[in-house]
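Undergrad: Give me coordinates for this.
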Amino acid sequence: EKRILPCAAWLEREYGEHGIFLGVPCKIGRKGVERVLDVALPAAERAALAKSAEAVREPMKAVKL
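TA: Numbering: from 1, shown residues only. Sure thing, here's the model as predicted:
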């Protein structure tokens with residue numbers, strides 16, 4: 001159906017992040033994520049997303065991912 005839904009997706013420079021799975025809006029098709037939608041966020045929301053990314057990265061460092 002080519003729907004836009006929030007989902008955990010691998011980021012490759014979207015939202016200024018890379019090498020991490022984060023919940024972001026994505027275009028979903030028959031074969032899964034077709035595209036991560038890089039929506040312009042206000043500064044406060046971008047900072048909150050960066051804080052979330054760091055919270056995900058910390059455990060990754062502990063297990064050396």
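Undergrad: Ala9: which element?
TA: strand 3-12 (DSSP states H and E).
Undergrad: strand partners of that strand, parallel vs antiparallel please.
TA: strand 18-29 (antiparallel) (DSSP bridges).
Undergrad: Buried by neighbour count: which residues of the strand it pairs with qualify?
TA: 20, 22, 24, 26, 28 (16 or more other C-beta atoms under 10 Å). Placement of C-beta: from N, CA and C, glycine included.
Undergrad: On the strand side of things, show who the fourth one bridges to.
TA: Note on Cys26: beta-bridge partners by DSSP bridges are Leu5, Val36.
Undergrad: repeat for the second one
TA: Taking DSSP bridges, one obtains Ala9 as the residues bridged to Leu22.
Undergrad: per-residue confidence at it?
TA: In this model, Leu22 is scored at 94, pLDDT.
Undergrad: Touching, it and Glu12? I think so.
TA: No. Leu22 is beyond contact range of Glu12, at 11.5 Å (criterion: C-beta atoms under 8 Å).
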